[in-house]
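Trainee: Okay, sequence plus prediction incoming.
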Amino acid sequence: MASAAGATRAIVIGGSGRMGRLVREGLAARGFELLGSYDVDNIDELDEAAPAADVVVDFSAPASLPHVLAYARRTGAALVSGTTGLTEGQLSELRALGEKNRVIWSSNYSLGVAALRRATALVAEALGGWDVEIVETHHNQKADAPSGTAKALLAAVDPAGERPVVDGRSGIVGARVPGEIGMHALRGGTVAGTHEVHFFGTDEEVCLTHRAASRQIFVAGAVRAAERLLGRDPGLYDFDTLMFG
């Protein structure tokens, strides 16, 4: 599947955005051959005109997903997706693609966040009766809330999805409902991403925190995921399994 020169061929979706530009640089630094970059103005070219690559890396918007899926089906390319804000139906389409293609979708490609998810699951199990609040902070240009990573942390606390979730509180809300999980989104400045999971017990608190100093940590994880994914069988992978499994 590599080119004649031996390089792995890649295309980037959302390549003109801040994350997309860093991904292009990261792929080139690791020896990938970049065949193209596609954005809103030329995304239609993916359907028929785009050359076949070994892997497509998508850090764009949900609206691009139909074009990305069509391209992957046409070429058999592996897909590394970091697009957030996808609906459950769109995630189902990614799962369906994984029946024939190699696919990874993650809301966060940081190794530190992957470790945070694991730690959150362990603490949630150990402190089952404690109150839980999740707080995420991002730059003032982020479009979706709560973040995909915050949702992943929620799933780590409540894998069955049975507990009530409160997105912030306002007014006379009364006493905290036993078992509820608070989700809070902060937006401002140029924050790359901060996630906190607070566990409140009687007279004590445990707080797990991850702070991203720059987007480069997500780029490094996405590029490493692309490299590992190409060595796997078809399927839909999560970041933890691909990197730690």
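Mentor: Perfect, thanks for sending it. Predicted model, so just to flag it, every value in this text is computed and none were measured. Numbers count the residues shown, from 1 in each chain.
Trainee: Next, the contact list for residue 219, please.
Mentor: Residues in contact with residue 219, defined by Cβ atoms under 8 Å, 6 or more residues apart in numbering, are 19, 22, 23, 25, 26, 109. Where you see a C-beta, it was placed from the backbone N, CA and C, and this is true even at glycine.
Trainee: and the last one, how many neighbours?
Mentor: What it means is residue 109. 25 (other Cβ atoms under 10 Å).
Trainee: What's the first helix or strand after the helix or strand containing residue 94?
Mentor: Following DSSP states H and E, the helix or strand that holds residue 94 is helix 88-97. Per DSSP H and E, the first helix or strand lying C-terminal to helix 88-97 is strand 102-105.
Trainee: Can you give the strand pairings for that following strand, parallel or anti for each?
Mentor: The pairing partners recorded for strand 102-105 under DSSP bridges are strand 78-81 (parallel), strand 235-237 (parallel).
Trainee: quick one: contacts of the first one?
Mentor: For strand 78-81, the surrounding residues in contact (Cβ under 8 Å, 6+ apart) are 54-58, 68, 72, 94, 97, 101-106, 222, 225-226, 229-230.
Trainee: repeat that with 6 Å
Mentor: Strand 78-81 has contacts (Cβ atoms under 6 Å, 6 or more residues apart in numbering) with 55-58, 72, 102-105, 222, 225-226, 229-230.
Trainee: pLDDT averaged over that strand - what is it?
Mentor: Taken as a whole, strand 78-81 has a mean pLDDT of 98.
Trainee: quick one: that strand to chain centroid distance?
Mentor: Relative to its chain's centre, strand 78-81 lies at 11 Å (Cα atoms, centre = their mean, to the nearest Å).
Trainee: Now do the helix or strand residue 27 falls within: everything it contacts.
Mentor: Here residue 27, judged by DSSP H and E, is contained in helix 18-29. Applying Cβ under 6 Å, 6+ apart, the external contacts of helix 18-29 come out as 10, 12, 14, 15, 57, 59, 215, 219, 223.
Trainee: How about stretch 124-142?
Mentor: 146-147, 150, 153, 157, 181-188, 190-191, 193-201.
Trainee: Which among those residues count as buried?
Mentor: Burial by neighbour count, 16 or more other Cβ atoms under 10 Å: within these this picks out 146-147, 150, 153, 157, 181-185, 191, 193-199.
Trainee: Outline the domain layout of the chain.
Mentor: 9-109+216-244, 111-211 (automatic domain parsing).
Trainee: Determine which stretch of those domains is the most buried.
Mentor: domain 9-109+216-244 (a mean of 19; mean count of other Cβ atoms under 10 Å).
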